[in-house]
Each structure stands twice: as structure tokens, then as C-alpha cells.
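> No sequence on hand, only this structure:
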């Protein structure tokens, strides 16, 4: 991965695209079954992802990469199943950035935030408490 600054490009998306992306990421993160800490980010697990949902995840990533070019996005579908892992990482540790961003999307009480906090506790990493 190249060293890009951890900075979003707010002009990369139209207002409609940004609103759609925010709404759809909120829905996606609320469907998270598991979270795993990666060396420089997080992985999110989704169960029984059908073809339409998989395509939808890919569309989300296609837009997100425009406004957040520093993030490496990986969609991983293990062989023999319908589950999917979505990894967000970067050349630098972006856990704090992701924690803030996802907290703002889904709110502090959402299941995914609790799972991220558990991963942080296991790694002695503090979660960012941004206002939602």
C-alpha cells in the first residue's frame, strides 16, 4: 500500500452520492455479525450474503474509494460459503479513524461499536469517542 494521507476528499462525491453512501453504510454496519481487528484496520463479517447483497457491497466500496483513497478495501468470500468479510485497512493504522467514522454512522449503542470495543480491549487499543 502506498503512503497516502489519512484525509477524505469531500468533493469526490455529489451530495446525493454522499447521502446514499451514508445511509447504505449505516445499514451494512448494523448487519455486522463479527468484527476483527487487523494490523492497520478492521474486518467486518456478514452472514449469508446473496448475489444482490454482494453486488451492493461492491457498489458501496466503488463510491467509498473515491472519497477515501487512503483506505484499502477488501471483499473476501471464503470458499464454500455465503459469508463475506469486508476489510478496511491502510498503510498506516486507521483504527481510530474507522472507529470515529462508524460511531458517527451507526451510533455509540450499535452492536458493531460494541464489537469494535471488544477487539480494542483485547489489543489494549482505545476507541475514539466521537459524537454521533
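Perfect, thanks for sending it. Keep in mind that what you see is a predicted model, and the values were worked out from it rather than measured.

> Who does the residue positioned nearest the centre of the chain form a beta bridge with?
Nearest to the mean C-alpha position of the chain, by C-alpha atoms, centre = their mean, lies residue 88 at 5.5 Å. Legend: beta-bridge partners of residue 88 under DSSP bridges are residue 42, residue 73.

> who touches it in this structure?
41-44, 71-73, 94, 98 (C-beta atoms under 8 Å, 6 or more residues apart in numbering). C-betas here are computed from N, CA, C, even on glycine.

> The chain: strands as residue ranges?
34-38, 41-46, 72-76, 84-89 (DSSP state E).

> Which of the ones you listed sits closest to residue 3?
Nearest to residue 3, of all the strands of the chain, is strand 72-76, at 12.1 Å by C-beta to C-beta.

> Show me what that closest one is packed against.
helix 51-67, strand 84-89 (3 or more C-beta pairs under 8 Å, 6 or more residues apart in numbering; DSSP states H and E).

> Can you pull out the low-pLDDT segments for the chain?
1-2, 108-110, 117, 120-132 (pLDDT under 70).

> Report back the residue of it that's furthest from centre.
residue 80 (23.9 Å).

> Over to it: give its phi and psi.
Backbone geometry at residue 80, expressed as degrees, to the nearest 10, gives phi 80, psi 10.

> which of the helices and strands packed on strand 72-76 is buried the deepest?
strand 84-89 (a mean of 19; mean count of other C-beta atoms under 10 Å).

> separation between the residue farthest from the centre of the chain and residue 56?
Using C-beta to C-beta, to the nearest Å, we find residue 80 at a distance of 22 Å from residue 56.

> Tabulate the helices and strands packed on strand 72-76 (JSON lines), appending distance to residue 35.
Putting the helices and strands packed on strand 72-76 into JSON lines (distance: least, C-beta to C-beta, whole Å) gives the following:
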{"stretch": "helix 51-67", "distance to residue 35": "16"}
{"stretch": "strand 84-89", "distance to residue 35": "10"}
